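> Show me how the following folds:
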Amino acid sequence: VNIPALNAAKVIRECLTSLQRQSFPREQMEVIVADNGSTDETCLILREEFPSVRVVKAAKRGSGNARNAALAASSGRLICTIDADCVADENWLRNLLSALDGASIDVLCAGGSIQPYRQKTLVEHYKPAWIRQANLAGGGGAFTYAETPNAAFRRGAFDRVGLFEGRHGLDDADMGARLTRAGAKFLYVPDAIVWHRNPTSISEYWKQRRKYAEWNVILANDHPDLIKAIRNPEDIPRLRVQTLRRVAKDVLVELPRAMLFCRSRYCTRFDPVLDCVAASAQYRGTLEGLRQSRKDTRVESV
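Model prediction:
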């Protein structure tokens, strides 16, 4: 079980406790935390409260680099990934690994269900903010991937396409694109459940959407045949107009409608406001992604 951690003192205790309670045989399970340079009490908690957990140092920042450090230190033939801010159901490993181990040999990756850890704030009720394994569960995209808060890989997957991408945070999507291109198959295991913490405030949601948009531009440059994103600076005016239209519709049409008619359990009257936040964050993140891409291109040219 492969866990990247950066200043995770507030959450990693609950994650590791859930792993200790797994119905999967303990003697067959190896838990490795890759510390990505924590400056809080993460390492102290690991050392004093979870001595059986192996800790490795990941010098290069980024979740992909941390997962690679844990992968290099591991010995298992099946590699499971979970995030430090997640909590696993007691049957998570047993259900996920049984499904993957029993699948045909060309199935190199499996992913389980990702549920919201809680639904307390308005932002936590907003479904578009959730990480929920939508690509793997729904299918039908240009490529398939399992989101790493709840995924399992055969070790042969990394032998075939290489390690996780470390330049951005969408290392699971990048891995899925490479595996799809290599002809690998994927498996969705809905009864392998992990609860994931989603953004709790507008500022957290804005940061999430901004960084995802930035990373998506970089990812699209790596896989232009599979991922559609703005990669040309000349398209920025068109994106600006699209963003303004989206915000205007939210404010002038969707917000009044939501205030009058919204009664859904998971829908709040402020959902259009959160969509405005997402639109502006995605616009800003796309601009930053284009700027970073141009910078990377200049470095490669030199």
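
> show me where this protein has helices.
12-20, 42-49, 63-73, 92-102, 134-138, 155-161, 171-181, 202-222, 236-249, 255-261, 271-301 (DSSP state H).

> Give me the buried stretch members for the last one, please.
By that I understand helix 271-301. 271-290, 292-293 (16 or more other C-beta atoms under 10 Å). Backbone N, C-alpha and C define where each C-beta goes, glycine included.

> swap in the second one?
Of the residues in helix 42-49, those buried under the neighbour-count criterion (16+ other C-beta under 10 Å) are 42-43, 45-46.

> what packs against that helix?
If you count contacts as 3 or more C-beta pairs under 8 Å, 6 or more residues apart in numbering; DSSP states H and E, helix 42-49 packs onto helix 12-20, strand 32-35, strand 54-57.

> Low-confidence ranges, this protein, go.
The model of the chain has pLDDT under 70 over residues 262-267, 295-302.

> longest strand anywhere in it?
strand 185-196 (DSSP state E).

> who does it pair up with?
strand 86-88 (antiparallel), strand 107-116 (parallel) (DSSP bridges).

> Tell me how far Gly37 lies from Asn65.
Using C-beta to C-beta, to the nearest Å, Gly37 is found at 10 Å from Asn65.

> between the two, which one's more packed in?
The neighbour comparison of Gly37 against Asn65 (other C-beta atoms under 10 Å) goes to Asn65, with 20 against 14.

> I'd like to know how far the closest residue in space to that one that isn't next to it in sequence sits from Ala173.
Spatially, and ignoring its direct neighbours in sequence, Asn65 is nearest to Gly166 (3.9 Å; C-beta to C-beta, 6 or more residues apart in numbering). As for Gly166, its distance to Ala173 is 14 Å (criterion: C-beta to C-beta).

> more neighbours, those two?
Ala173 (26 against 19).

> which residues does the residue nearest to the more buried one when sequence neighbours are not counted contact?
Of all residues not flanking Ala173 in the chain, Tyr145 sits nearest, at 5.1 Å (C-beta to C-beta, 6+ apart). Residues near Tyr145 by C-beta atoms under 8 Å, 6 or more residues apart in numbering: 109, 135-136, 172-173, 175-177, 179-180, 186.

> 10 Å instead, please
Tyr145 makes contact with 109, 111, 133, 135-136, 151, 170-180, 186, according to C-beta atoms under 10 Å, 6 or more residues apart in numbering.

> Could I get the buried residues of helix 42-49 in a markdown table, plus columns for distance to Arg77?
As requested, the buried residues of helix 42-49 are exported to a markdown table (distance: C-beta to C-beta, whole Å):
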| residue | distance to Arg77 |
| --- | --- |
| Thr42 | 28 |
| Cys43 | 28 |
| Ile45 | 29 |
| Leu46 | 25 |
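
> The helices of the chain into CSV, with extra columns for distance to Ala5?
Output for these, formatted as CSV (distance: least, C-beta to C-beta, whole Å):
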stretch, distance to Ala5
helix 12-20, 6
helix 42-49, 6
helix 63-73, 7
helix 92-102, 18
helix 134-138, 24
helix 155-161, 21
helix 171-181, 15
helix 202-222, 18
helix 236-249, 35
helix 255-261, 38
helix 271-301, 25
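
> Distance check, Phe50 against Asn135.
Taking C-beta to C-beta as the measure, Phe50 falls 32 Å from Asn135.

> Kindly apply the preceding question to Lys185 instead.
14 Å.
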